[in-house]
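**Q** Need a 3D model of the following:
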Amino acid sequence: MDAAAARSLVETRFPSVFPPGAVCDVQGPEHGTSNDCFRLRTAAGGEWIVRFPKSGEAEQELACELLVLPLLERLPVAVPRYELVAAAGDHHPRRFAVYRALPGEPLAPELLAALSEPAVERAAARLGAFLAAVHGVERERLEAAEAAAGVRLPRERLGWLDEGADGARREVEDQLAPFRGHPAFAAVRRSVRELIDGDPEALRSSAGLVHGDLAPEHVLFCRERGEVTGILDFGNLAWDDPAIDFIQLADCYGPGFLARVLAAYDHPGAVLLRRKVDVLHAVARALRAFRAACLQAPGPAAVPDAS
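**A** The predicted model follows:
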C-alpha cells in the first residue's frame, strides 16, 4: 500500500467526505507491526488517520477497537473515534477505518525528563485518570457488547498472572532456566523469589479491561498546552490483569513517574494493585539485569539488588 493507493481507496469508499480534489496531501505509510497508517490532509484543513490492517489478526484487533472505544466514556484525554469504516472489497481485502487525527506528539522519555515539575504532575494525573476509566469498564457491559457484535476480546494473554504468586514463581523459573549454569544463578533465583514471597497477597489474581501497549509513541503530549492530550493504538486491548499497563509505564518512564501515575489512579482495589505493580516491576527489573549480565559476559555477574 502506497500513498496514491491510499488516497484512491479513501476517495472511492467515502466520496461524500473525500470528494475528488479534497485530499491535498498524504503522508505515509507508517509501517506498524499490524497496520499501514496514512495521514491525510484536506483542502479544508482537516487531518485524518487511515488505518489499513495488514493481516487477518490485525483486522480482528481493529474489530476489538471498534467494539470497545465507544464504551470508554468521560476520558481525560482524546482517543481515536472511528467515523468511517470500509468493508473488505476488490481493492483491499480487509476492512479499514478512518479517524480524525489527535493533537500532540509522542511523549518520549527525553521529553518527559525535560518537562517542568507541574507538567510532569499533570501528565501523571492524566494517565492515572485514563487508566482508571479503562480499567473501570464493567465486565457485564463488555460481554453484552461482545455478544451484540459477535466479537470477543482476548482474555489473559499472560496466563501466569492469573495464578497469583504460584504463577509468578513458575514464570521466574521459566525465564531463569536458560541461565541455570551461570555462577550467579542460585543467588539471583533466591533474591527474586524473596521479592515474590515477601508479599504474595499482592499478587492475587485480578482482571479488567487493559490497553496493553502504553509505549511512548502511543502517549501524545502537546507542548503548547503542557499536557497529555491523547492515547493511541488500542490494538492490544484485552481482558487481563490491570498491572500490565502500569508495568509498561514503569519500563518506559521509570518508577518515579509510575508512583505519580498510581497516586492519581482512583479505582477500587488501587492499594493492592500498587503493591502488585511494585513487586512485579522489581522482579522484572532484576530478571532483565541478570539476563543482560549473562549475555554480555558468560562469567560471574553481579547479583541484581532485590530491594
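
**Q** Wait, Glu227 touches Phe221, no?
**A** Yes - look at Glu227 against Phe221 with CB atoms under 8 Å: they come within range, at 7.2 Å. In this view, the C-beta of every residue, glycine as well, is placed from N, C-alpha and C.

**Q** Those two - which one has more neighbours?
**A** Neighbours per residue (other CB atoms under 10 Å) separate Glu227 from Phe221, with Phe221 holding more: 24 against 19.

**Q** ok but that one is inside a strand, no?
**A** Yes - according to DSSP: H, G, I helix; E, B strand; the rest coil, Phe221 belongs to a strand.

**Q** what sits against it?
**A** Gly104, Glu105, Pro106, Leu107, Leu111, Ala123, Glu227, Val228, Thr229 (CB atoms under 8 Å, 6 or more residues apart in numbering).

**Q** Filter those residues down to the buried ones, PyMOL style.
**A** Burial among the contacts of Phe221 is assessed by 16 or more other CB atoms under 10 Å; the matching PyMOL selection reads:
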select buried, resi 104+107+111+123+227+228+229
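
**Q** Mind checking which of the contacts of Phe221 are in helices?
**A** If you go by DSSP state H, the contacts of Phe221 have Leu111, Ala123 in helices.

**Q** biggest separation within the contacts of Phe221, which pair?
**A** Distances among those were taken as CB to CB; the most separated pair is Pro106 and Glu227, at 14.4 Å.

**Q** follow-up on the earlier one: okay, and the common contacts of Glu227 and Phe221?
**A** What both Glu227 and Phe221 touch, as defined by CB under 8 Å, 6+ apart, is the set Ala123.

**Q** quick one: buried residues of the top helix by length along the chain?
**A** Counting residues, the longest helix found in the chain (DSSP H) is helix 270-296. Using 16+ other CB under 10 Å as the test for burial, helix 270-296 gives 270, 273-274, 276-283, 285-287, 289-291, 293-294.

**Q** could you say what helices and strands it packs with?
**A** helix 164-176, helix 185-198, helix 243-253, helix 255-263 (3 or more CB pairs under 8 Å, 6 or more residues apart in numbering; DSSP states H and E).

**Q** Would you mind getting the angle between the shortest one and helix 270-296?
**A** It refers to helix 255-263. Helix 255-263 runs at 160 degrees relative to helix 270-296, counting by axes from the mean of the first three to the mean of the last three CA atoms, to 10 degrees.

**Q** buried residues in helix 255-263?
**A** For helix 255-263, by 16+ other CB under 10 Å, it's Phe257, Leu258, Arg260, Val261, Leu262.

**Q** Output the contacts of Phe221 in TSV, with pLDDT and distance to Glu117 appended to each entry.
**A** Listed next are these as TSV, based on pLDDT from 0 to 100; distance: CB to CB, whole Å:
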residue	pLDDT	distance to Glu117
Gly104	96	20
Glu105	97	20
Pro106	97	21
Leu107	98	16
Leu111	98	15
Ala123	98	11
Glu227	96	14
Val228	98	15
Thr229	98	19
